[in-house]
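Participant: How does the following fold in three dimensions:
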Amino acid sequence: MIERELLESHLRLSYREDMGILFMRWTKQVNSEQLRKGYLDALAFAEELNVHLWLIDLRGRGGATPEDEAWILDEFFLEAEGRLGHKSYIGYLLSPAHFTHVRDNVGLEKLNAFSSNTTINVFTSESGAVNWLSNLHEVEVLPKRK
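Facilitator: Predicted structure coming up:
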């Protein structure tokens, strides 16, 4: 396992090579600057490791402001697609209350069909998220980056 602790963003990154999954776990609520820095630092880590499967655990962080939600969906994932250069699968792990917010305000269908290069799924159980990503790991064959 390859780990990186981003203290200023209260974010822990762990890459499980055996599973091909990058785990992003916030340890506490963060402000907008910390949230955006955390996402961008995680993207740099993912780029180093050629990651295409992500589990983003928001249970320790909670929700984001509407502006930060828009930044993640409209800017971050677009930048990630450009920098990674391959299809990515994102499993978000949420508390039940946060899941309800995302379902009612963002829309699960919108996330599931996010773009041709990014598929997002939302879970309230870690085992569900890991199973989904593990199944993708079994069938996805990506060329190694040069």
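Participant: The helix or strand of the chain with the lowest mean pLDDT: which residues count as buried?
Facilitator: Scoring the helices and strands of the chain by mean pLDDT, DSSP states H and E places helix 108-112 at the bottom, with a mean of 82. Buried residues in helix 108-112, counted by 16 or more other C-beta atoms under 10 Å: L111. In this view, the C-beta of every residue, glycine as well, is placed from N, C-alpha and C.
Participant: tell me the centre residue of the chain?
Facilitator: I56 (4.0 Å; C-alpha atoms, centre = their mean).
Participant: in which helix or strand would I find the nearest residue to it once chain neighbours are set aside?
Facilitator: Spatial nearest neighbour of I56, excluding adjacent residues (C-beta to C-beta, 6 or more residues apart in numbering): M24 at 4.6 Å. Applying DSSP states H and E as the criterion places M24 in strand 21-26.
Participant: What count of nearby residues applies to the residue nearest to I56?
Facilitator: M24 is flanked by 25 other residues according to other C-beta atoms under 10 Å.
Participant: Just the CA trace of the helix or strand hosting L78, in CSV.
Facilitator: Following DSSP H and E, one finds L78 within helix 77-84. Provided in CSV are the C-alpha atoms of helix 77-84 (Å, rounded to 0.1, in the frame of the first residue of the first chain):
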residue,chain,number,x,y,z
PHE,A,77,-13.4,16.2,-13.1
LEU,A,78,-12.8,17.9,-16.5
GLU,A,79,-9.2,18.6,-15.4
ALA,A,80,-8.8,15.0,-14.1
GLU,A,81,-10.0,13.7,-17.5
GLY,A,82,-7.4,15.8,-19.3
ARG,A,83,-4.5,15.0,-17.0
LEU,A,84,-5.2,11.2,-16.6
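Participant: Good, wrapping up.
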